[in-house]
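Student: When you get a sec, could you give me coordinates for this:
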Amino acid sequence: MKKTFGLASAFILAAGLTAGCSSNGTSGEQKENKDTLDVYTTIYPLEDFTKKIGGDYVNVKSVYPPNVEAHTYEPSSKTMAEISDSDAFIYSGVGVEGFADKAVSTLKNSDVKIVKAGEGIDLLSREEEHGEHDEHAHEEEHEHGEAEGHDHHHDHGDHDPHVWLDPVLAEKMAENIKDQLVKLEPEHEKTFTENYESLKKDLEQLNKDFKQTVDKADKKEILVSHAAYGYWEKRYGIKQMSVLGLSPTEEPSQKQLENIVKTAKNHDIKYVIFESNVSSKISEIIKKEIGAESLTMKNLESVSKEDIENGKDYTTIMKENLAVLKKALSNK
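Tutor: This next block holds a predicted model:
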C-alpha cells in the first residue's frame, strides 16, 4: 500500500503514515513474507556498503539520483512514500542530508527501521580542523573570527559531516549497517558478517594506501574547492585550504579570497582540486590567479551514471581519489 505526502506538510505526513501502517495490517505482513529486505539509503557509500553486506538478501535503492549534491537535495513525496513502505532507511546521521531530520521525524510513524550509519563516530569540530593552519590564517581568525581565510557556520553547525571519506570511519559506518541488517534478518547473520569482513579488509588496505602515499609526498598542503577533506587532515596529516566551506553554498568574502590566494602562493600550490558534482566560479578565479591546474576529486555523496555503468564502487573511486591526491601533493 502506498501513502502520499509531502515534506512540507509534516502533520499530514505523520497522520498519513499512521493510517497507512494500520490499514488491515497488510504492510507489516507483506514485509514479514518477503524474501529480501527493501532498503533505502542516502549518500553513495551507504548504498555501496549495504549492497555488499546484504548481498542477495537485501534490495538496496538510493534516495539520491546520480551526481546530485547531497547538502541541498530533497526527495520527492513519491520517493518518501516508497521509503515509508520499505524495511529500512539508512542515512548518515552526521548532518550532510539536508532533508533527513524532517524525514526521520515523520518516518517514525511508519514501520520502517531508521538506521543512523554514523552512530558512534566522533565528528570533527571546526576548531579541530583549523587547529593546524598557518600563522597568517590564525591572525585572520583573531581579526575576523575566521580561519584559513574563511569560516562557515550556517549549514552544518560546528561539525564536519564528511566522515565517509576516511576509510577507518567508513568501516565504522559499515559495521553499523551490518549490525542493523542482522537485527532485521538474524537468520542471515553469518552471510552478513562474512560480507562485512570482506569489505572491512578492503577498507583497511585503503587506509594503508592513503597513509603510505601521504607519508611519501613532497608536500602536505592541498587547495580544494570544497572543504570536504578535514578527516584526511586528522588521519594522514595533510593540510586543507578550501575556497568554499563545509557546504558548497558557503562562499568566502573578498578579504578571505585574498588570504586564500596569499596562502596558496606561499605553499607553491600547483593544483586546485574540484569535485565532479560541485561547480564553483570562485574556485576557477583563484585557479587563474595563482596559475594552477585543475584536478577533479569525487566526494562520493553521489556517483555519476558513467561510474555506475562502469561498475565502479566505493573502493575503486577512493583509489582514484588517492591518485589525484598523490598528484596534488607532488612538486611536479
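Student: Leaving out chain neighbours, which residue sits closest to M173?
Tutor: A117 (4.3 Å; C-beta to C-beta, 6 or more residues apart in numbering). In short, each C-beta sits where N, CA and C put it, glycine included.
Student: Oops, could you answer that again for S280 instead?
Tutor: That would be S225: by C-beta to C-beta, 6+ apart, it lies 4.7 Å from S280.
Student: Check D202 too.
Tutor: T315 (5.0 Å).
Student: Now the one you found: which helix or strand?
Tutor: Applying DSSP states H and E as the criterion places T315 in helix 314-328.
Student: Outside of that helix itself, list whatever touches it.
Tutor: Residues outside helix 314-328 that contact it (C-beta atoms under 8 Å, 6 or more residues apart in numbering): 44-45, 48-49, 165, 167, 170, 202-203, 206, 209-210, 213-214, 217, 222, 232, 238, 270-271, 273, 295-298, 300, 303, 307.
Student: For ChimeraX, what selects the buried ones among those?
Tutor: Burial among these is assessed by 16 or more other C-beta atoms under 10 Å; the matching ChimeraX selection reads:
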select :44,45,48,49,165,167,170,202,203,206,210,214,217,222,232,238,270,271,273,295,297,298,300,303,307
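Student: So which of the contacts of helix 314-328 belong to helices?
Tutor: If you go by DSSP state H, those have 44-45, 48-49, 167, 170, 202-203, 206, 209-210, 213-214, 232, 307 in helices.
Student: Return the closest of those with respect to N195.
Tutor: The closest of these to N195 turns out to be F49 (C-beta to C-beta; 9.6 Å).
Student: Give me the pLDDT value at the residue lying closest to D313 once chain neighbours are set aside.
Tutor: Nearest residue to D313, sequence neighbours excluded (C-beta to C-beta, 6+ apart): D48, at 5.3 Å. In the predicted model, D48 carries a pLDDT score of 98.
Student: picking up where we left off before, what about the residue nearest to D202, how many residues close to it?
Tutor: Residue neighbour count, defined by other C-beta atoms under 10 Å, stands at 17 for T315.
Student: Likewise for K332?
Tutor: Neighbour tally, K332, other C-beta under 10 Å: 5.
Student: if I look at it, how far off is E293?
Tutor: 11 Å (C-beta to C-beta, to the nearest Å).
Student: Please list all residues in contact with the spatially closest residue to E69 that is not a sequence neighbour.
Tutor: Among residues not flanking E69 along the chain, N277 sits closest, at 5.5 Å (C-beta to C-beta, 6+ apart). N277 makes contacts with 67-69, 298-299, 301-302, 304, as judged by C-beta under 8 Å, 6+ apart.
Student: Throw those residues into TSV and include distance to E284, thanks.
Tutor: Formatted as TSV, the contacts of N277 follow (distance: C-beta to C-beta, whole Å):
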residue	distance to E284
N67	19
V68	22
E69	17
K298	19
N299	18
E301	21
S302	22
S304	21
